[in-house]
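# structure, please.
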Amino acid sequence: MTTPLLSGTDAVRSGLAAIAGLRQAVLAEGPEAEMFLQGQLSQDIASMAPHDSRWSLLLHPQGKISAWLRVTRLDAERFLLDVDEGWADEVITRLTRFKLRTKCELTIAPWTSLTIVGAGALDVEVQGGELELHDSWAGLPVVIVFGASPTADVAAMDLATATALRIEAGIPAMGSELDDSTIPAAAGIVERSVSFTKGCYTGQELVARIDSRGNNVPRRLVGLVFDGEAELTGDVEMTVDGQAVGVVTSAARSGALQSDIALAYATRAVDYGDVVQAGGTTARVQELPLVLS
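All right, here's what the predicted structure looks like:
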């Protein structure tokens, strides 16, 4: 991948850029891989054809999130699970707890990732790629390539810009919005990640129970657009009239909105359009995504 560095979400939205290392991949392989993953993931793995990709939840037995990942069927006995960088070990550890003597091998793929973002992402020629996956960040085309060392002749994107694009699109990340204390419905990812017709899987009970109640949860993921420059390092609490109403989980500077922005979990006391205090300034609570391409 070549320089120059392309910084700022407005620049990427009007151009094209790539960043290495945002994703990791786990391989699940063996004659019982389909059966095993069908009982562990929230998506209907058995109905997937080769090269199909679906977002899925890997849950703890109590229904909290172990990992939010994408599963891709490579062939009859091989699946790739890609997850945020740094979370592949968690995926393997959680799956191994329930694997017992199942004929399914779990390994971290010997690949790195290259994420290409921008209007022309689908047309970029990548060298050294083994697998290419397509995505969309609130309408902004995204291509993720896995391989030994994938490269493309486009500008590099810094991590701050990638984070800002993710927040603009309202995409939760492992370790920020998602961890083993998170109820999936609170993060707003159930609709794209769960099959309600596939049958049983580990952690299903909580997801099904909350869905039957209209996904009414004590807190939900929202967007914040700040009125002034915000101080958003460490744990930042949101308040209204001095009362705590939520917490900021990720923050960045949006070139598209020319404002500081954030993802936050808000309690039921907060509605869209409300003004809250956070990071030493005020912010308006907005529905996600904050920017739609």
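# for Asp75, which non-adjacent residue is closest in space?
Leaving aside its sequence neighbours, Asp75 sits nearest to Pro50 (C-beta to C-beta, 6 or more residues apart in numbering; 5.4 Å). From N, CA and C alone the C-beta is placed, and that goes for glycine too.
# what confidence value was assigned to that neighbour?
On pLDDT, Pro50 comes in at 97.
# cool, Gly228 as well?
As predicted, Gly228 sits at a pLDDT of 88.
# just for this structure, where's the confidence low?
Within the chain, the segments meeting pLDDT under 70 span 1-3.
# now the helices for it?
For the chain, the helices defined by DSSP state H cover 9-13, 33-40, 88-96, 159-169, 184-187, 190-193, 204-212.
# would you mind measuring from the closest residue to Ala156 other than its chain neighbours to Leu114?
Once flanking residues are discounted, Ala156 sits nearest to Leu5: 5.1 Å by C-beta to C-beta, 6+ apart. Distance, Leu5 to Leu114, using C-beta to C-beta, to the nearest Å: 15 Å.
# same question, Ala278
Plainly put, Ala278 is 34 Å away from Leu114 if you go by C-beta to C-beta.
# between those two, which has more neighbouring residues?
Using other C-beta atoms under 10 Å, the more surrounded residue of Ala278 and Leu114 is Leu114, with 28 against 24.
# hmm, Pro150 and that one touching each other?
Yes - under the criterion of C-beta atoms under 8 Å, Leu114 makes contact with Pro150 at 4.2 Å.
# joint contacts of those two?
Common contact partners of Leu114 and Pro150 (C-beta atoms under 8 Å, 6 or more residues apart in numbering): Ala20, Val126, Gly129.
# now, which of those residues sits nearest Tyr272?
Closest approach between the shared contacts of Leu114 and Pro150 and Tyr272, by C-beta to C-beta: Ala20, at 35.9 Å.
# wait, that closest one sits on Ser113?
Yes - using C-beta under 8 Å, Ala20 is in contact with Ser113, at 6.8 Å.
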